[in-house]
Every structure is written in C-alpha cells, then in structure tokens.
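Trainee: no sequence on this one, just coordinates:
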C-alpha cells in the first residue's frame, strides 16, 4: 500500500509552527547566549562570568520582560527560517523518492538537508539580524540603545536608516552554518527514521517521531 503523502503546504506550516512554539520557551536562553557572545567586545571588560551570572544580572536589571526582549524577532525567525528549511526538506525528499518508494541513500538525504538549510537561512537572515540587535540592545548605555518596539519596527528602521541590504549582513556565514547544521541534523533524522521503520516495529506516525 502506497503511504499517504501530506500536501506540501502542511510540511511548511507544521515546521514553522513547531519552531515558533519552541521559541516561546528558549527565547531567554537565546538572549543570554547573545549577551555572553558580546561580553568583552572591543576589548572592554567582560560583563558576565558565565551563563548563571549573565542570567541573574539580566533578570535583576531588566526583569522578566527583558528576558523576552526580541521575542517577536525570534518568532519571525522561526516563521521564516524553520518554516522554509523543514518545508523545503520534506518537499525535496518527496520529489527525490522513486515511485516505488525505495529509500534514498544517506548521501542524497545529506545533500537535500544542506540545500534546505541554505535556502532557509537566506530567507531567515533579516529576522536573524533583527533578533541579534533586539536581544543585545539592553547591554548598551541608555543613550545608545535603538529601542526597537517590535520586529516590524526593527526591520523598517534598518531599511530606512541603513539600506535594505543591511538585512542580509552576515548572510554568507549564516548560510554556511545552516547548511552544515541541516546536512547533519535532517539527514541523520531521516536515516534513523528509515532504520526504525525497516524493523517493522514502528509505523510512520506521531509515536515514531516522539520516540
């Protein structure tokens, strides 16, 4: 019996929705990561000794709302990057699979994952730029802060003040990182899924993905 194939748009929607849901939980961690990476920039003294120290300092000075600064940009990043990479990966996997449903070799899965990551990163870079700026704003002196109200305000002001190409600043390393990450992540996921299905102890359903 030929397995049921989901419409292409479902892959995009489900992928984006899952990423956005995860962002609601990990946004504070992403903010702390950005602050730690910028700590000591330009030869200045390091602001944070470690993750716990950074977390406590940000929480004390900016409160819970400050921990979620840049949330709208984080959600947009998932709505663009994750939606695109997972949707493209599943669409290409379906297109590349032979009519007799012979499993693809691992190297083809890796190439498809790499391509999906690259396309997703290209689409998601503007949101990434906005996210980094919004999450790092709180560490600047008050008179130097951009004080973006939300991701729409950030993107609009970047285009108006610095030009539209600024939205893709750092695009090449972002694409390279995403290609390497998704080549490893998505291909191994697809390969292990195939291996589990071949045992005949599993069916292609939610239980398999959770396992």
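Mentor: Done, it's in. The model shown is predicted, which means the values in this text are computed figures rather than measured ones. Numbering: from 1, shown residues only.

Trainee: For this structure, name the helix or strand with the lowest mean pLDDT.
Mentor: One helix or strand of the chain scores below all others by mean pLDDT, DSSP states H and E: helix 206-210, with a mean of 71.

Trainee: any low-confidence regions in the chain?
Mentor: 1-6, 210-211 (pLDDT under 70).

Trainee: still on that earlier bit, which outside residues touch the least confident helix or strand of the chain?
Mentor: 193, 196-197, 202 (Cβ atoms under 8 Å, 6 or more residues apart in numbering). The way it works is simple: take the backbone N, C-alpha and C, and place the C-beta from them, glycine included.

Trainee: Can I have the buried ones of those residues as a ChimeraX selection?
Mentor: Buried residues within the contacts of helix 206-210, by 16 or more other Cβ atoms under 10 Å, are selected in ChimeraX with:
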select :193
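
Trainee: Select, from the contacts of helix 206-210, the two members most distant in space.
Mentor: Using Cβ to Cβ, the contacts of helix 206-210 span at most 8.7 Å, a distance reached by 193 and 202.

Trainee: check contacts around residue 127.
Mentor: Contacts of residue 127 (Cβ under 8 Å, 6+ apart): 73, 76-77, 79-81, 151.

Trainee: Show me which of these are buried.
Mentor: Buried residues within these, counting neighbours by 16+ other Cβ under 10 Å: 73, 76-77, 79-81, 151.

Trainee: Identify the farthest-apart pair in those.
Mentor: Comparing the members of the buried ones among the contacts of residue 127, the greatest separation, given Cβ to Cβ, is between 81 and 151, at 13.3 Å.

Trainee: For residue 59, give its distance to residue 33.
Mentor: According to Cβ to Cβ, to the nearest Å, residue 59 and residue 33 sit 15 Å apart.

Trainee: Same check on residue 88?
Mentor: 26 Å.

Trainee: the more surrounded of those two?
Mentor: The neighbour count for residue 88 versus residue 33, taken as other Cβ atoms under 10 Å, is higher for residue 88 (25 against 14).

Trainee: Pull the contacting residues for that one.
Mentor: Residues near residue 88 by Cβ under 8 Å, 6+ apart: 115-116, 119-120.
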